[in-house]
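Trainee: sequence below, structure please.
(chains A and B)
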Amino acid sequence: MRSEFLSQYGGEIATLTIEHLWLTGAAMLFATAIAVPLGIWLTRSPQWAKPLITVANILQTIPSLALFGFLLPIPWLGDRAARIAILALTAYALLPILRNTYAGIRGIEPSITEVARALGLTDSQLLFKVQLPLAAPFILAGLRTATVTCVGIATIAAAVGAGGLGELIFRGVASVDNRLVLAGAIPAALLALAADASLGLIERKFRTPRQ
Amino acid sequence: MSFATKQGNLLLDRISLTLAEGTITAVLGRSGSGKTTLLRTINRMIEPTSGDICVHGANIQDSSVIGLRRRTGYVIQETGLFPHFNVERNVGLVLEAQGSPRERRIRRSHVLLTEVGLDPASFAKRFPHQLSGGQRQRVGLARALAAEPSILLMDEPFGALDPLTRAEMQDMLRYLLHGLSGPAKKTVVLVTHDLDEALYLADRIVLLEAGKLVTNLAPAEFLVSSQPEVVTYIRAFHRSEKGDAVQK
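Mentor: Take a look at the predicted model:
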């Protein structure tokens, strides 16, 4: 019976898993491209930190289903459900990455930044040789939280027809078929665990050697 | 030269000071007297509110701030070693920032480690957390000397060390600086709380009080000065020698 189920849905599970990965991956790429530079900029203009982190915080509190719904009527976005999903997931991923980038750089011991400047490092050398490597474990921890959150929220994207493993879950709920629900939920959970573990490994690699 | 904060606090009040090339000047004064602020104006970590600072006759405002800092060694009490770099890379960082080839940086850092009394074979690959306080300071000093600066700024470099290690470091620094000759000789500004350190290492002693330069004397003159601020400073430092502490 199990093999029958797999032969019937195996292909679909694989396709939806790839779709799920694509939605999450694209959103993470956008969120990182926005939040890391923004977090770095905030450390240089800290007066903007509170308002911007508050905005990211508010975005985080909007219920995902509602956010997908809000975006649906927007002309260009609404044409393709994947666009809505990626935008919404990007919004959810912003906060942890932004907050951790900002806190990671601000948390560097002031004497280290002071000496780096006093030794004649340029702004970009200070950033790439000192600040980013020292803040890397924090930034990666933010990416890790954001990725796991996105993998979970991406299942809701199926509600607006964006695909992903949520499609199996929604179909399973509608037809009261637990096997379908699990066929969507288990790969989604495994994806989240795999992303968490692999980013955790990278994070450990970047950890500053200490006693 | 003067420096006031944005809030209007005058931290340096019309300081006029000339440092002879190749000499060691110790800056003494109580906490908050402006010692560190004075030091930080020399490598433009702080810009004076008025007045000028000239090195070899050229106003430092006219040269690039990055170039100036690379030509000026800087050592602080907390050392500020980069925890993610090993000793070798810490020492060679200014050369790395200047684009020196890796081979040259490594060679130079090994020479400097030897000069500050650390065996490159056992220390080059260690990370700062694997060093003692004294060893960290030695690495900090080696790093400050890497780009062969003509000026060396030291802000209470040995303040956090125990008396024995501090004495060893002072000996090492004295031996190192006095061993240099010709163009390699450094003009050193040493901020310290320790009068004995100033007397042991410096050619001139400058005393600051509330942002004002009180005096600028040779160590022997400093000890016999009758200026009230100098007398108070010396008395505070050598209280126990006169038996005051015992009498109390």
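Trainee: can you list the weak-confidence ranges in the chain?
Mentor: All of this refers to chain A. A:1-2, A:78-79, A:210-211 (pLDDT under 70).
Trainee: my question was about chain B, not that one.
Mentor: B:240-248.
Trainee: what does it put close to chain A?
Mentor: Neighbours of chain A within chain B, by CB under 8 Å from any CB of the partner chain: B:43, B:45, B:66-72, B:74, B:76, B:78-80, B:82-84, B:93-94, B:96-97, B:127, B:129-130, B:143. C-beta here means a position set from N, CA and C on the backbone, and glycine is covered the same way.
Trainee: how about a cut-off of 6 Å?
Mentor: B:43, B:45, B:66, B:69-70, B:74, B:78, B:80, B:83-84, B:94, B:97, B:127, B:129 (CB under 6 Å from any CB of the partner chain).
Trainee: are any of the residues you listed buried, and if so which?
Mentor: B:43, B:45, B:66, B:69-70, B:74, B:78, B:80, B:83-84, B:94, B:97, B:127 (16 or more other CB atoms under 10 Å in any protein chain shown).
Trainee: just the ones in strands from the residues of chain B next to chain A, please.
Mentor: Applying DSSP state E to the residues of chain B next to chain A, the entries found in strands are B:Y74.
Trainee: farthest pair within the residues of chain B next to chain A?
Mentor: Between any two of those, the greatest separation by CB to CB is 29.0 Å, found for B:I66 and B:H129.
Trainee: mind checking which of the residues of chain B next to chain A are in helices?
Mentor: If you go by DSSP state H, the residues of chain B next to chain A have B:66, B:69-70, B:94, B:97 in helices.
Trainee: now for B:D203, how many residues are close by?
Mentor: Residues contacting B:D203 under the criterion other CB atoms under 10 Å in any protein chain shown number 14.
Trainee: sorry, that was for A:P63
Mentor: Neighbours around A:P63, by other CB under 10 Å: 9.
Trainee: ditto for A:F30
Mentor: Burial measure for A:F30: 17 neighbouring residues, criterion other CB under 10 Å.
Trainee: which residue would be the closest one in chain B to chain A?
Mentor: With CB to the nearest CB, the shortest gap between chain B and chain A falls at B:G80, namely 3.1 Å.
Trainee: how near is the nearest residue to that residue once chain neighbours are set aside to B:A4?
Mentor: Nearest non-adjacent residue to B:G80, counting by CB to CB, 6 or more residues apart in numbering or on different chains: A:V115, 3.1 Å away. Separation of A:V115 from B:A4 (CB to CB, to the nearest Å) stands at 25 Å.
Trainee: out of the residues of chain B next to chain A, which is nearest to B:S109?
Mentor: Among the residues of chain B next to chain A, B:V94 lies closest to B:S109 (CB to CB), at 10.5 Å.
Trainee: ok, now which ones touch the closest one?
Mentor: A:119, B:70, B:146-147 (CB atoms under 6 Å, 6 or more residues apart in numbering or on different chains).
Trainee: and the closest residue to chain B within chain A, what element?
Mentor: Nearest to chain B, among the residues of chain A, is A:V115, at 3.1 Å (CB to the nearest CB). Here A:V115 sits within helix A:110-118, counting by DSSP states H and E.
Trainee: just how off-centre is that helix within its chain?
Mentor: 32 Å (CA atoms, centre = their mean, to the nearest Å).
Trainee: domain-wise, how is chain B divided?
Mentor: Following automatic domain parsing, chain B resolves into domains at B:3-71+B:154-247, B:83-148.
Trainee: and stretch B:30-41, what's buried?
Mentor: For stretch B:30-41, burial by neighbour count (16+ other CB under 10 Å) applies to B:33-41.
Trainee: just put the residues you listed in a markdown table and tack on secondary structure and distance to A:A81.
Mentor: Output for these, formatted as a markdown table (DSSP: H, G, I helix; E, B strand; the rest coil; distance: CB to CB, whole Å):
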| residue | secondary structure | distance to A:A81 |
| --- | --- | --- |
| B:S33 | coil | 68 |
| B:G34 | coil | 65 |
| B:K35 | helix | 65 |
| B:T36 | helix | 60 |
| B:T37 | helix | 61 |
| B:L38 | helix | 65 |
| B:L39 | helix | 62 |
| B:R40 | helix | 58 |
| B:T41 | helix | 61 |
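Trainee: list just the nearest of those residues to A:A174.
Mentor: Relative to A:A174, the closest of the buried residues of stretch B:30-41 is B:R40; by CB to CB it sits at 68.9 Å.
Trainee: thanks a lot, catch you later.
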